[in-house]
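Undergrad: 3D model of this:
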Amino acid sequence: MTETVRAGYRVRGSALEGRNWLNTGGRQLGLEDLRGKIVLLDFWTFCCINCLHVLDELRPLEEKFSDVLVTVGVHSPKFEHEADPVALAAAVERYEIHHPVLDDPELLTWQAYAARAWPTLVVLDPEGYIVANLSGEGHAAGLESLVSELVAEHEAKGTLHRGDGPYVPAEPTAGNLRFPGKAVPLPGGSFLVADTGHHRLVELESDLTTVRTVIGDGTKGWRDGAADTARFNEPQGVAVLPAAVAEQAGYDVVVADTVNHRLRAVSLSSGTVATVAGNGVQRLLDAGNPAKRTPGGDHPSESRTAAPGGAAGAGTVPALLGTDALDISLSSPWDLTWSTVLGRLVVAMAGTHQIFTFDPLTGAVGILAGTGLEGLLDGDGSEAWFAQSSGLAEDAAGNIWVADSETSAVRRLSFTDDDGGTRVSVSTAVGAGLFDFGFRDGAAGEARLQHPLGVAVLPDGSVAIADTYNGAVRRFDPVTQTVSTLARGLSEPSDVLVDTTTGEPLLVVVEANKHELVRVAIPKEAQSVDEGARQTQRPASPVAAGPVGLSVRFAAPKGQKLDDRWGDPTQLKISSSPEELLVSGGGTSTGLTRELVLSDSVAGGVLHITARAAACDGEPGGEIPDHAACHMYQQDWGIPVTIDAGGDTALTLDLRGLD
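TA: Presented below is the predicted three-dimensional model:
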């Protein structure tokens with residue numbers, strides 16, 4: 001196992017071991033084949049929104065240093081389905097990954113490099129030595145500086161070899177649609193589909209095959225205007241506005257333009273596209289008062305900062321962020337639905353693990369629920385935790401159902417009047433936690449899903465679930481509190497909706513990995529399946545009971561300094577599962593070191609650790625210039641531990657460690 005490099009020592013990278021390689025034309029690579037290049041190992045898993053953010057962050061870097069830098073994606077799966085080589089190949093195609101990918105289903109290379117979180121980045125110099133360990137997102141600027149330094153150093157030494165890397169593109173598999181995300185029925189019986197992989201919208205006739213209209217020129221990008229020139233970037237959710245609202249707003253449809261971090265409006269009569277929310281900058285930091293540096297993503301394996309101001313405050317909702325929607329930063333909006341209770345759109349903001357709102361008539365953006373911490377926690381909307389929410393639907397009572405993908409859960413937002421306003425509460429219908437999944441029907445408390453992405457309300461009030469990684473459509477009955485299976489054998493269903501145009505209600509399922517929409521009958525008697533409940537398995541670290549010193553390494557990139565204008569800009573938030581594992585040392589405080597005391601009364605558990613550091617452009621020891629660009633670095637770890645008398649008494653993690 002590669003250990004953390006200490007001052008005065010240089011450690012070579014470990015061998016790249018796994019099942020197979022993708023994007024190499026069948027060639028099996030080793031580190032010796034990459035000698036002379038700067039190598040960036042990107043430990044990722046394709047369910048992880050933060051990993052997808054990093055893929056996009058790295059694209060400009062890969063283009064700029066194409067002759068000296070080789071990125072190697074090390075795919076280390078969280079969910080069982082992600083270990084399927086066919087599913088991985090589809091994900092590599094879907095996300096347009098243009099670098100070699102090592103399939104590491106047994107986490108061999110993950111363990112060799114002591115990775116503890118998705119995403120993790122490790123930089124090796126041209127001689128094969130580890131020079132940096134980075135966790136989370138937001139490292140693009142620092143990596144650019146580091147790679148430039150390595151190029152200069154190793155060109156002078158004669159150890160840098162310029163030239164093409166080992167990437168070989170795979171054959172495409174898509175047809176008229178390419179990895180479609182979401183769909184909605186239109187009043188005339190057609191369907192508007194987010195043709196995600198083609199970066200456009202497609203209106204299909206009722207046969208689900210014939211293309212009626214196309215909106216967007218099919219090129220990845222951001223451009224408003226006419227239907228044949230507009231551009232999207234991996235659009236997902238699509239919502240049709242109520243007719244009265246559409247008439248006042250001047251458009252009919254709102255689209256979650258996910259990778260552009262924007263909401264786009266479409267006029268169906270003309271096909272014209274306009275941006276109505278989002279400035280295109282993924283939120284990293286609410287600059288100003290440090291109290292506003294609100295961390296998000298308390299995923300024990302993923303990271304991201306939350307939107308400004310945290311969650312909805314105590315009292316009525318939503319908590320208003322502003323009325324100039326074009327000035328507000330969003331983060332990977334994934335789905336939308338209209339709320340008749342609130343009279344506005346509800347938005348699943350996957351990148352910050354929150355539920356937002358958008359009012360098409362006023363331009364107001366607000367936070368409806370979620371603190372930005374990633375996990376499964378119910379209660380008042382101002383205190384709830386979500387995890388990459390990806391699907392939304394409203395029922396007849398005005399409740400909003402949420403497909404909370406990373407907790408493999410279905411959640412419910414319910415509303416009550418409160419002193420003339422509205423209060424939201426969050427409850428979980430199905431699901432147990434970030435690392436709990438499976439394929440099990442029966443009592444809802446014991447049932448398991450696997451990374452669901454879509455929900456729809458059936459005519460009887462039950463909820464259909466696009467159980468994506470199980471390749472199924474499931475059903476939750478709120479009356480009986482049971483889960484059953486409506487259909488199986490689907491290829492990553494990313495959305496489900498109800499079609500009533502043919503008489504007897506049918507399901508329309510978006511089969512992302514088959515690049516198509518299909519109709520599925522709603523069976524009179526659903527199946528009952530039990531293939532078990534599972535948990536994500538990662539190696540546990542043996543630690544001793546009693547005092548354990550925790551240290552998180554962080555070094556600001558060259559040209560940046562810690563933003564200490566309002567005090568210590570670093571922070572640790574620590575908790576444990578079970579709670580009794582942690583005797584003391586939990587909670588939130590400044591600094592990146594902490595003494596924990598672990599109990600000897602439990603066999604082990606998981607330490608949940610969130611670290612963050614704020615840095616701005618400027619030189620160490622100097623002043624931060626006015627209007628300097630500022631950055632929030634944050635990572636969330638879930639460290640499985642076992643209590644062992646001979647275990648470690650110190651734990652070191654890398655937020656941005658340079659070796």
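Undergrad: need the contact list for residue 511.
TA: Applying C-beta atoms under 8 Å, 6 or more residues apart in numbering to residue 511 gives the contacts 490-494, 517-518. For every residue, glycine as well, the C-beta is placed using N, CA and C.
Undergrad: and if you look at residue 77?
TA: By C-beta under 8 Å, 6+ apart, the contact set of residue 77 is 45, 83, 88, 105.
Undergrad: next one: residue 220
TA: Residue 220 makes contact with 96, 199, 231-234, 259, according to C-beta under 8 Å, 6+ apart.
Undergrad: coming back round to it: for the contacts of residue 77, which one is nearest residue 25?
TA: Closest to residue 25 out of the contacts of residue 77 is residue 88 (16.7 Å), distances taken as C-beta to C-beta.
Undergrad: And the top helix by length along the chain, what does it pack against?
TA: For the chain, the helix with the greatest residue count under DSSP state H is helix 140-157. Packing contacts for helix 140-157, counted by 3 or more C-beta pairs under 8 Å, 6 or more residues apart in numbering; DSSP states H and E, involve strand 38-44, helix 49-64, strand 120-124, strand 130-135.
Undergrad: export it as PDB, just CAs?
TA: Extracted C-alpha coordinates of helix 140-157, given in PDB (Å, rounded to 0.1, in the frame of the first residue of the first chain):
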ATOM      1  CA  ALA A 140      -8.300  22.800 -11.500                       C
ATOM      2  CA  ALA A 141      -6.400  26.100 -10.900                       C
ATOM      3  CA  GLY A 142      -4.000  24.500  -8.500                       C
ATOM      4  CA  LEU A 143      -3.400  21.600 -10.800                       C
ATOM      5  CA  GLU A 144      -2.600  23.900 -13.700                       C
ATOM      6  CA  SER A 145       0.000  25.600 -11.600                       C
ATOM      7  CA  LEU A 146       1.500  22.300 -10.400                       C
ATOM      8  CA  VAL A 147       1.600  20.800 -13.800                       C
ATOM      9  CA  SER A 148       3.400  23.900 -15.200                       C
ATOM     10  CA  GLU A 149       6.000  23.600 -12.500                       C
ATOM     11  CA  LEU A 150       6.500  19.900 -13.200                       C
ATOM     12  CA  VAL A 151       6.800  20.600 -16.900                       C
ATOM     13  CA  ALA A 152       9.500  23.200 -16.300                       C
ATOM     14  CA  GLU A 153      11.400  21.100 -13.800                       C
ATOM     15  CA  HIS A 154      11.400  17.900 -15.800                       C
ATOM     16  CA  GLU A 155      12.100  19.500 -19.200                       C
ATOM     17  CA  ALA A 156      15.200  20.900 -17.600                       C
ATOM     18  CA  LYS A 157      16.200  17.500 -16.200                       C
END
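Undergrad: Provide the strand pairings for the following helix or strand past that helix, with the direction of each partner.
TA: Counting by DSSP states H and E, the element after helix 140-157 in chain order, helix or strand, is strand 183-185. Paired strands of strand 183-185, with direction, are strand 191-195 (antiparallel) (DSSP bridges).
Undergrad: what pLDDT, on average, does stretch 67-83 get?
TA: The average pLDDT within stretch 67-83 is 97.
Undergrad: what pLDDT does the residue nearest to residue 262 when sequence neighbours are not counted get?
TA: Using C-beta to C-beta, 6 or more residues apart in numbering and skipping the chain neighbours, the partner closest in space to residue 262 is residue 278 (3.5 Å). You'll see residue 278 listed with a pLDDT of 97.
Undergrad: Make sure residue 278 is actually in contact with residue 327.
TA: No: assessed by C-beta atoms under 8 Å, residue 278 is found out of contact with residue 327, at 9.3 Å.
Undergrad: of these two, who's got more company?
TA: Between residue 278 and residue 327, residue 278 has the larger neighbour count (other C-beta atoms under 10 Å), namely 26 against 13.
Undergrad: For residue 263, see how far away the more buried one is.
TA: Relative to residue 263, residue 278 is positioned 6 Å away (C-beta to C-beta, to the nearest Å).
Undergrad: Residue 558 now?
TA: Residue 558 sits 36 Å away from residue 263, going by C-beta to C-beta.
Undergrad: With residue 277 instead?
TA: Residue 277 is 4 Å from residue 263, where distance means C-beta to C-beta.
Undergrad: anything in contact with each of the two?
TA: What both residue 277 and residue 263 touch, as defined by C-beta under 8 Å, 6+ apart, is the set 325, 330, 358.
Undergrad: Name the helix or strand for the second one, please.
TA: By that I understand residue 330. Secondary structure assignment for residue 330, by DSSP H and E: no helix or strand.
Undergrad: was I right about it contacting residue 278?
TA: Yes: with contact defined as C-beta under 8 Å, residue 330 reaches residue 278; the gap is 4.2 Å.
Undergrad: Mutual contacts of the two, please.
TA: Common neighbours of residue 330 and residue 278 (criterion: C-beta under 8 Å, 6+ apart): 261-263.
Undergrad: circling back: take the shared contacts of residue 277 and residue 263 and write them to JSON lines, including pLDDT, neighbour count and distance to residue 591.
TA: JSON lines is the format used below for these (pLDDT from 0 to 100; neighbours: other C-beta atoms under 10 Å; distance: C-beta to C-beta, whole Å):
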{"residue": "325", "pLDDT": "94", "neighbour count": "22", "distance to residue 591": "37"}
{"residue": "330", "pLDDT": "96", "neighbour count": "29", "distance to residue 591": "31"}
{"residue": "358", "pLDDT": "98", "neighbour count": "25", "distance to residue 591": "38"}
